[in-house]
Each structure stands twice: as C-alpha cells, then as structure tokens.
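Asker: sequence plus predicted model, see below.
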There are 2 protein chains.
Amino acid sequence: MRGRDAADAAAPTTLSVASVTSGPPRRERADAARNRRRILDAAGELFAAHGVENVSMDAVAAASGVGKGTLFRRFGDRAGLAAALLDERESVLQEAILRGPAPLGPGEGGDEPEPADRAEAFVRAYLDYAFENLELVRASETASPGARYRIGAYRFWRHHLTLLMTAGGHPPQTAELLAEALLAPLGADQLTAQQAEGREPAAIADAVAWQARRITRA
Amino acid sequence: MRGRDAADAAAPTTLSVASVTSGPPRRERADAARNRRRILDAAGELFAAHGVENVSMDAVAAASGVGKGTLFRRFGDRAGLAAALLDERESVLQEAILRGPAPLGPGEGGDEPEPADRAEAFVRAYLDYAFENLELVRASETASPGARYRIGAYRFWRHHLTLLMTAGGHPPQTAELLAEALLAPLGADQLTAQQAEGREPAAIADAVAWQARRITRA
DNA sequence: CAGTGAAGTGGACTATGGTCCGGTTGTGCC
DNA sequence: GGCACAACCGGACCATAGTCCACTTCACTG
C-alpha cells in the first residue's frame, strides 16, 4: 500500500484499532464514505456467513460492488479490514478501562482500586472480548507477521498495563516489559490454539488472571 | 500437502522441531536423501546471504536444482524447511534440559535443583537460542497461523515447563496453562517486535526470567 | 538379472494477497 | 456556472505459497 488513508486520521483519546473509522482531519469525500460503508457491511455479512478465514479479499470486493484497489486503498490490508470491523466493540472496552467503574476502570474518585485487581479485571474483560470476536481479532493480528504489535489498540493495552505495573511498584523499564509479557498469552493465535486443544475459556482466564495478580506486585 | 514425509518419522526422545532429519522408520531412498541434503545446503546459504524473509521457495528450489514439488513434498511448507534447518541446534538445547547439569538440566543425582531455578534457567537458555536464530525461528513459527503450536519442539518446551510448574506446587491443569502462558512471550514474533522497539535481549531475558520464578511457585 | 510397485520427481497450475496507474469524479474557489 | 486539482476508483497485473499428477527411478524379490 502507498498508505495514505489507512495511515492518516486523528489520534483520539481511545486509540482505535486502526484509526480508520474516526473522523479524518479533512472531511472524507462522499463517494469514499459510501464505499467504506458498503465494504464494511458486505465484509461483515460474508465473514459471519462463511467464517473470516474462508473469505478472500476478492470476494469482499466483489460483494461490495467495489474494485479491489479501492478495498485495499481504504483498509491497507486484510488486518486493517478486520480491525475496522472490530473498532466499535473494542472502543467500548477502552472506554470502560479509562473511565468506567472499578476494578476495570479507575472508579469514582476516592477509593483507588488495587493495581493487581485492575490487572486481573483487565485480563478477564479482554479475554471476554477476544473470545467473542476470536476470528476477527485473529485476522487483525496475524494477517502479516508482527501485525499485532503495530495496531493502535496494542499500544493502548500495553500502556494501560504498564501503568498498572508501575503502580504495583515496578521500575518503568521493567513495567513495560512485564506488560508485554502479560499481553503475550492474550494473543489471538495463542487463544485459538488453546481452544483447539480443548481448553475452556474460563480456565484460561483463571490462569492468566492469577498470573496477572502475581506479576503486578513487585 | 498430502503429508507423507513430513508427518511420519519416528518419535525419538527429543522431539525434533519437525521430526524430519531423524531416522525414518523405513530407510530413505538414496535420491531422496541426496535431494534433502541439497535443499538444506542451498537453503542455508540463501538464507544466510539474503535473509530468510527475502528468499522465496521458488528460489530455494531453483538453487537446489530440484523441482518445487520435491521441495514441498519433503518439508511440507516454509515453516517445515526452517524447522529442519533449526533441528540440530535445537536438540542440543533439549539434550541439555533432559540430561545436562543443573539448573538447566536435572544435574547429577543427589541435590535436586529448585523448580524456580530451572524455570529461570530454561527461559534464559531458550532466549539465547532464539535470539541467535531469530529469523529462522520466526519463519518456523509464523509461516502459517498457528504453526508454532503444531511444531514438536513446542510440545517439548511446554511439557518441560508443565513438569516444573507441577513441581512448584501447581495442580496439573493449571500447570499446563501456566506453562503455555510463560511460553507466549518467548514467541519469535514477539521477540522480533520487541527488538524492533529497541529493547535489549538481556532486558527481555531479565523480565521474563523474573516472571518465570514468580509464577513457578504456587 | 528382469519384474514390480512403492517412493520420489518436477514443473505446470491454482489461488490469493497486494500493487499500480490511467482515467474519473467530487469539492472548494473564482 | 465552470475551472482546477486532489482524492478516489477499478481492474489488470505481479509475486509467491502451495497443490496435483503423469512420469521416472530405486531397491527388493524370485
């Protein structure tokens, strides 16, 4: 991609998964907006009907009544498309983390929740979200190697956990490394593999949540 | 692939990365053996010269003087080829874990090393290995989504860590989940991303090693 | 040493993600 | 209204992973 569209767009409070649907700096042309909607709608239906893995980008383009070039121009690549589809549900979670009630969010002023509690709550909330949208999340993370770490949302999760780790008593450098280490088992590929092995989401959540508590306190 | 070669082969003590180079149940035909060597040699050179990412399977086939069909028949896919190339160095590590001196291995009979010490030693040894062969390991893990978890070696690492976790006092179910969670930040993709972000291998090792200790004890 | 069939071979073929660019169209400005 | 130009469009095009299968070769057997 020559990466114009997919790259620009503002930097809102919540780091959108791909910063695609948020308001662009200069208003988007009407035909472009129309095509975006069409693509998103068509992709949503196709994915729901046949499973994300089984839908080619060609198919999405065809079903949207749009050329392949347009599709890629708007979303960059397969991961970008998946990310855009995820965007809305994901920012709900981000919102809850930033401003929601404790322990997931900071809660009302006064009684600060424990970092370990917040970390555990985050892990559980994230896993709920991820398992509910597993195919899509996976597509957004594994389209190309390293895609996961480039997504805006990853930065958000990492930043959040880094803050919690710091609050837990870790020095800044270490905090970020630990945040990353804690995020690793939440990768969609890992979750998919575990699920394929017959592991229950609840069991996974328990294990990672325990780990999160344990790690948070220095 | 119709998966004959890449799938069969015996199950030796050390689970080879792809069980490709170990002795097959029925002796391999001479021409096949010769081609395998050719391919491995050519691939090794090409990878070293241009970087794993920049070498297409076509190029490997051409440089080996072998048809593409042969290449894929023997190694299944890109990941399989990378795995075969890794096989030797990797089984050195496995050997050290199974029978080497403490704390990485079990040591001489008598003074059993602490599980936490062994877990830390494993993490550090594995990271040494992984960083030294990062491109290849990455290719073996990310050629197709989920490839990592299908590789024989992954099972080996997981089994080893599961044992240590159990020894650390965790119930079996949890132990395996924690092993998996601890393996996650050792994924080549993750390591590559961290490195790209300017993180030092030593710092990463310290963080994950600390985490390993912390997690091992129930 | 010839016969036999399993194992092995190679390259044409398919599928698909992603790129390119000549032509079109919407928008702000005079 | 009409001009100018950036933004946008679409589909031909390319590269590459992986599949298929008609044909060849090895190694064992009588």
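Answerer: Nice, I can see it. Numbering: from 1, shown residues only, chains lettered A, B, ... in the order given.
Asker: I'd like the average pLDDT over the helix or strand A:L183 falls within.
Answerer: Using DSSP states H and E, A:L183 falls within helix A:172-183. In this model, helix A:172-183 has a mean pLDDT of 96.
Asker: same check on stretch A:132-146?
Answerer: For stretch A:132-146, the per-residue pLDDT averages 94.
Asker: distance from it to the middle of the chain?
Answerer: Taking C-alpha atoms, centre = their mean, to the nearest Å, one finds stretch A:132-146 lying 9 Å from the centre of the chain it belongs to.
Asker: now swap in stretch A:97-106 and tell me
Answerer: On the basis of C-alpha atoms, centre = their mean, stretch A:97-106 is displaced by 18 Å from the centre of the chain it belongs to.
Asker: check which residues of that stretch are buried.
Answerer: A:I97, A:G100, A:A102, A:P103, A:L104, A:G105 (16 or more other C-beta atoms under 10 Å in any protein chain shown). Every residue, glycine included, has its C-beta placed from N, CA and C.
Asker: what about stretch A:147-166, near DNA strand C?
Answerer: No. Judged by C-beta under 7 Å from any atom of the strand, stretch A:147-166 stays clear of DNA strand C, getting no closer than 8.5 Å.
Asker: contacts for that stretch?
Answerer: Contacts of stretch A:147-166 from elsewhere in the structure, counted by C-beta atoms under 8 Å, 6 or more residues apart in numbering or on different chains, are A:14-19, A:79, A:83, A:90, A:94, A:97, A:115, A:118-119, A:122, A:126, A:140-142, A:172, A:174-176, A:178-180, A:182-183, A:186-188, A:215-216, B:189-190, B:193, B:196-197.
Asker: could you list which of those belong to helices?
Answerer: Judged by DSSP state H, these include A:79, A:83, A:90, A:94, A:97, A:115, A:118-119, A:122, A:126, A:140-142, A:172, A:174-176, A:178-180, A:182-183, A:188, A:215-216, B:189-190, B:193, B:196 as members of helices.
Asker: narrow these to those that are buried.
Answerer: A:79, A:83, A:90, A:94, A:97, A:115, A:118-119, A:122, A:126, A:140-142, A:174-176, A:178-180, A:182-183, A:188, A:215-216, B:189-190, B:193.
Asker: and chain A, which residues reach chain B?
Answerer: With the criterion set to C-beta under 8 Å from any C-beta of the partner chain, chain A comes near chain B through A:138, A:142, A:145-146, A:148-149, A:173-174, A:177-178, A:180-181, A:184-185, A:187, A:189-190, A:192-194, A:196-197, A:199, A:203-204, A:206-208, A:210-211, A:214-215.
Asker: taking those residues, please make a PyMOL selection of just the buried ones.
Answerer: Remark: buried members of the residues of chain A next to chain B, expressed as a PyMOL selection using 16+ other C-beta under 10 Å:
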select buried, chain A and resi 138+142+145+148+149+174+177+178+180+181+184+185+187+189+190+192+193+194+199+204+206+207+208+210+211+214+215
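Asker: touching, A:L127 and A:A203? I think so.
Answerer: No. At 10.9 Å, A:L127 and A:A203 do not qualify as touching, with contact defined as C-beta atoms under 8 Å.
Asker: quick check: A:G168 touching A:T216?
Answerer: Yes. A:G168 is within contact range of A:T216, at 4.1 Å (criterion: C-beta under 8 Å).
Asker: any stretches of chain A with poor pLDDT?
Answerer: Scanning chain A with the threshold set as pLDDT under 70 gives A:1-26.
Asker: picking up where we left off before, pipe the buried residues of stretch A:97-106 into CSV and attach secondary structure per row.
Answerer: Listed next are those as CSV, based on DSSP: H, G, I helix; E, B strand; the rest coil:
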residue, secondary structure
A:I97, helix
A:G100, coil
A:A102, coil
A:P103, coil
A:L104, coil
A:G105, coil
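Asker: B:D58: which of those residues is nearest?
Answerer: Proximity to B:D58 was ranked across the buried residues of stretch A:97-106 by C-beta to C-beta; first place goes to A:I97, at 46.8 Å.
Asker: can you tell me which residues contact the closest one?
Answerer: Neighbouring residues of A:I97 by C-beta under 8 Å, 6+ apart: A:L104, A:G105, A:F122, A:A125, A:H160.
Asker: what's the distance between the second one and A:E88?
Answerer: Distance from A:G105 to A:E88, counting by C-beta to C-beta, to the nearest Å: 19 Å.
Asker: do the last one as well
Answerer: Noted for A:H160: a distance of 19 Å to A:E88, by C-beta to C-beta.
Asker: neighbour count: those two, which is higher?
Answerer: Neighbours per residue, other C-beta atoms under 10 Å in any protein chain shown: of A:H160 and A:E88, the larger number sits with A:H160, 19 against 11.
Asker: buried ones in the helix or strand where the more buried one lies?
Answerer: For A:H160, the enclosing helix or strand under DSSP H and E is helix A:152-167. The neighbour-count check on helix A:152-167 (16+ other C-beta under 10 Å) flags A:152-154, A:156-158, A:160-162, A:164-167 as buried.
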